[in-house]
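>>> got a predicted structure plus its sequence, pasted below:
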Protein chains: 2
Amino acid sequence: MSTAEETAGGETQPWGEVTPDAARRLLLAAVEAFAERGYHATTTRDIAGRAGMSPAALYIHYKTKEELLHRISRIGHEKALDILRTASRGEGTATERLADAVSSFVRWHARGRTTARVVQYELDSLGPDARAEIVGLRRQVDAEVRGIIEDGVRSGEFDVPDVPGTTLAVLSLCIDVARWFNVDGPRTPEEVGALYADLVLRMVGARNAGAA
Amino acid sequence: MSTAEETAGGETQPWGEVTPDAARRLLLAAVEAFAERGYHATTTRDIAGRAGMSPAALYIHYKTKEELLHRISRIGHEKALDILRTASRGEGTATERLADAVSSFVRWHARGRTTARVVQYELDSLGPDARAEIVGLRRQVDAEVRGIIEDGVRSGEFDVPDVPGTTLAVLSLCIDVARWFNVDGPRTPEEVGALYADLVLRMVGARNAGAA
DNA sequence: GGCAAGGGTGAGCGAGCGCTTAGCGTGCCC
DNA sequence: GGGCACGCTAAGCGCTCGCTCACCCTTGCC
């Protein structure tokens, strides 16, 4: 019918780097199915059916069903890390960079809720090797946020008694957006991003927190 | 062998109300299995095996595998609601009650991580009727927290521009503890509860936030 | 036009699933 | 101490799972 560049959620044309067109369609179908029903409850027949193919076609492009999840998880984590790095290494005060990081990270989780759900909640469905690789990416995500908070503490902008714990809480808050966010709900991803950036600035004791 | 009153996590002797002893053992086994592998990836043979029984024994006490999940989910949500109600309707200022609610809610998620995981993350695996019932309980959970925050705003203790959004964020923060908390990790449930209570008081702009 | 290469299909394999059924052992009531 | 209700098991039913295989179309090169 058409290229799969626009999804229901209006994600920023993802999966552009997945090269054979059929492979990309299968990956997109797998993301939808995994997000809706979970990895273990999704059948290869369902994935192939959503992509308009026969069940056997899946195995031309992917060795197993788990390879699909692995690919989705790695690409998703790299995208998330990229978002945080861009915000973290931008110019501006730690306050501005933290607000930017949180709001864009939250927007990504809300807009691409299907993808984010798979990325954040299906980690345990991976085998040991694949999981170890993804856990490494998650550590980098954590380090990026912790870096901004440490900058703010050093510059005196933030008042944070427990930096690792607060980092954990900030990331936890953002990640959980993928669980509850509803595209048909009352809030846009931008509104949630702005609200959460404000709440996080309050958490770290930034002075201009609460300023609309 | 023995009664199943003490679990590895050291939960506050739960599932006491599940009356035939074999039924309680099966329920406990199901909680462990669902938390480890997810509902769909757990087999009835696995549940029965953990309880030291044959697969057929499960169907003497429960009609289907889904009924097990439903029972776990309802009991868990009722316990969570009970915790929040106790904190909410206690005496003290809104600040004290919110801190009490958050710290005890977080402790419950951390201590009973296996149970909380099933309760918070396997909701979608329930059928429509069972899910509707649980969603009703969750609305009561939300109302309880929102009530405390509204009290604090009315009394002037809190500065919260967006009460529903902040309520959502507070609950989200607590619930996500079940995803990342590790019993073998560096933090005790009590420490996380205290940290999170402080962070939430900062989020609502309470004056004595940050006081150790 | 011949023909190799590669993306695709229909049918089906072995395995494991949720769940059922026939029958067995044990304790309680009379 | 005979009958029986009950908790439980061994065996297995029908079904669906992830995945494979033999074969078929289209495409591009000579």
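Yes, it's here.
>>> all contacts plus neighbour counts: C-alpha atoms, from now on.
Will do.
>>> stretch A:87-101 vs chain B: in contact?
No - with CA under 8 Å from any CA of the partner chain as the criterion, chain B is not reached by stretch A:87-101; the gap is at least 14.3 Å.
>>> what about that stretch, distance to the chain center?
Here the centre of stretch A:87-101 is set off from its chain's centre by 19 Å, with CA atoms, centre = their mean, to the nearest Å.
>>> buried set for that stretch?
Judged by neighbour count (16 or more other CA atoms under 10 Å in any protein chain shown), stretch A:87-101 contains these buried residues: A:87-88, A:94-101.
>>> distance between the ends of it?
5 Å (CA to CA, to the nearest Å).
>>> just the residues contacting that stretch, thanks.
Residues from elsewhere that reach stretch A:87-101 (CA atoms under 8 Å, 6 or more residues apart in numbering or on different chains): A:83-84, A:144-145, A:147-149, A:151-152, A:157-158, A:197-198, A:200-201, A:206.
>>> up against DNA strand C, what does chain A have?
A:22-23, A:52-57, A:60 (CA under 7 Å from any atom of the strand).
>>> 10 Å instead?
Counting by CA under 10 Å from any atom of the strand, chain A comes close to DNA strand C at A:20-26, A:44-45, A:48-49, A:51-61.
>>> phi first, then psi, for A:Gly193.
Main-chain dihedrals, A:Gly193, degrees, to the nearest 10: phi -60, psi -40.
>>> so who does it touch?
By CA under 8 Å, 6+ apart, the contact list for A:Gly193 reads A:102-107.
>>> which of the contacts of stretch A:87-101 sits closest to B:Glu32?
The closest of these to B:Glu32 turns out to be A:Val145 (CA to CA; 32.7 Å).
>>> what sits closest to the closest one if chain neighbours are left out?
Excluding the flanking residues, the one nearest A:Val145 by CA to CA, 6 or more residues apart in numbering or on different chains is A:Thr167, at 6.5 Å.
>>> now the angle from the host helix or strand of that neighbour to helix B:163-175?
For A:Thr167, the host element (DSSP states H and E) is helix A:163-175. Counting by axes from the mean of the first three to the mean of the last three CA atoms, to 10 degrees, helix A:163-175 lies at 120 degrees to helix B:163-175.
>>> what's the separation between the residue nearest to A:Val141 when sequence neighbours are not counted and A:Ser88?
Using CA to CA, 6+ apart and skipping residues adjacent in sequence, the residue nearest A:Val141 is A:Leu81, 5.6 Å away. Between A:Leu81 and A:Ser88 the distance is 10 Å, computed by CA to CA.
>>> in the longest helix seen in chain A, what's buried?
The residue-count maximum for a helix in chain A (DSSP state H) belongs to helix A:128-155. Neighbour counts over helix A:128-155 (16+ other CA under 10 Å) mark A:130-131, A:134, A:137-138, A:140-142, A:144-153 as buried.
>>> could you pull up the residues touching A:Pro55?
The contact partners of A:Pro55, by CA under 8 Å, 6+ apart, come to A:44-45, A:47-49.
>>> which residues of chain A lie near chain B?
Close to chain B, as judged by CA under 8 Å from any CA, chain A has residues A:37, A:40-41, A:124-125, A:165-166, A:169, A:172-173, A:176-177, A:195-196, A:199-200, A:202-203, A:205.
>>> circling back to that earlier point, give me the contact status of the longest helix of chain A with DNA strand D.
No - judged by CA under 10 Å from any atom of the strand, helix A:128-155 and DNA strand D are separated, with a smallest distance of 14.4 Å.
>>> next, the angle from that helix to helix A:163-175.
Using the same axes, to 10 degrees: helix A:128-155 against helix A:163-175 is 120 degrees.
>>> give me the next element, helix or strand, following the helix holding A:Thr167.
Criterion used, DSSP H and E; the element after helix A:163-175 is helix A:177-180.
>>> how deep is the residue in chain A positioned nearest to DNA strand D tucked in, by neighbour count?
Using CA to the nearest atom of the strand, the single residue of chain A nearest to DNA strand D is A:Thr43, 3.2 Å away. For A:Thr43, the number of neighbouring residues by other CA atoms under 10 Å in any protein chain shown comes to 17.
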